[in-house]
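Novice: 3D, please:
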Amino acid sequence: MQIRPFFLVLTLALSGVQTAHAEEPRQQMMVDAAADDGSDYGSAAEQLVDQALAYLGVRYRFGGTSPETGLDCSGLVLNVFRNAIGFDLPRTASEMSRMGDKIGRQELKPGDLVFFNTMRRAFSHVGIYLGDGKFVHAPSSGGKVRVEALSSSYWSKRFNGARRLVDEDSSTGTDSFTPLR
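Specialist: Prediction:
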């Protein structure tokens with residue numbers, strides 16, 4: 001049984017290995033997956049997770065929308081959605097929080113957006129849920145894009161909610177997007 005590339009990258013990210021060291025095995029796994037029939041690695045959610053993990057280590061910059069110069073939380077999310085699945089999102093976390101379907105913490109799936117109150121206002125921070133209680137985000141000045149646990153004291157207290165923008169329709173095998181509300 002082949003290991004899916006997203007699980008390899010997720011395991012490396014959670015173990016603290018820098019993505020630069022993970023690129024060679026990750027690329028080999030991508031080649032192996034491409035040789036597969038495509039059914040194991042094609043969903044929008046997996047593409048989102050894989051793309052998000054590719055930004056690990058990119059420095060934070062307030063208002064940043066470019067990986068070359070730095071990303072803030074919403075800049076990370078909009079880059080991931082645009083590059084992974086061609087879906088353009090609004091610029092701010094607050095605007096993103098009004099999109100898609102509202103879901104509870106217990107309903108989270110990889111690719112969902114998770115929101116936090118980090119500036120004494122609701123939906124002031126956003127990340128992308130990876131699965132297994134982890135999310136990826138661009139934290140704050142001086143930080144870098146990284147993976148964190150939703151269950152950590154800091155993030156758990158500040159959790160505002162989640163939104164699902166990608167709905168995987170298992171009956172047809174295709175992905176559809178929830179429209180703006």
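
Novice: roughly how far apart are residue 58 and residue 82?
Specialist: Summarising the geometry, the distance separating residue 58 from residue 82, computed by Cβ to Cβ, to the nearest Å, is 15 Å. In this view, the C-beta of every residue, glycine as well, is placed from N, C-alpha and C.

Novice: neighbour-wise, which of these two wins?
Specialist: More neighbours surround residue 58 than the other of residue 58 and residue 82, with 22 against 13 (other Cβ atoms under 10 Å).

Novice: Any stretches of this protein with poor pLDDT?
Specialist: 1-42, 168-181 (pLDDT under 70).

Novice: and if we set it to 80?
Specialist: Counting by pLDDT under 80, the chain shows low-confidence ranges at 1-42, 167-181.

Novice: in it, which spans are strands?
Specialist: According to DSSP state E, the chain carries its strands in the segments 65-66, 70-71, 101-103, 113-116, 125-131, 134-137, 146-149, 159-164, 166-169, 174-177.

Novice: partner strands of the fourth one, parallel or antiparallel?
Specialist: Looking back up the chat, that one is strand 113-116. In the sheet containing strand 113-116, the strands it pairs with under DSSP bridges are strand 125-131 (antiparallel), strand 159-164 (antiparallel).

Novice: of these, which approaches residue 144 most closely?
Specialist: Of all the strands paired with strand 113-116, the one in closest proximity to residue 144, counting by Cβ to Cβ, is strand 125-131 (13.5 Å).

Novice: Any buried residues in that closest one, and which?
Specialist: Buried positions in strand 125-131, judged by neighbour count with 16 or more other Cβ atoms under 10 Å: 125-131.

Novice: contacts for that strand?
Specialist: The list of residues contacting strand 125-131 from outside it, by Cβ atoms under 8 Å, 6 or more residues apart in numbering, reads 10, 48-49, 52-53, 73-74, 76-77, 80, 93, 96-97, 108-119, 135-137, 147-148, 150, 158, 162.
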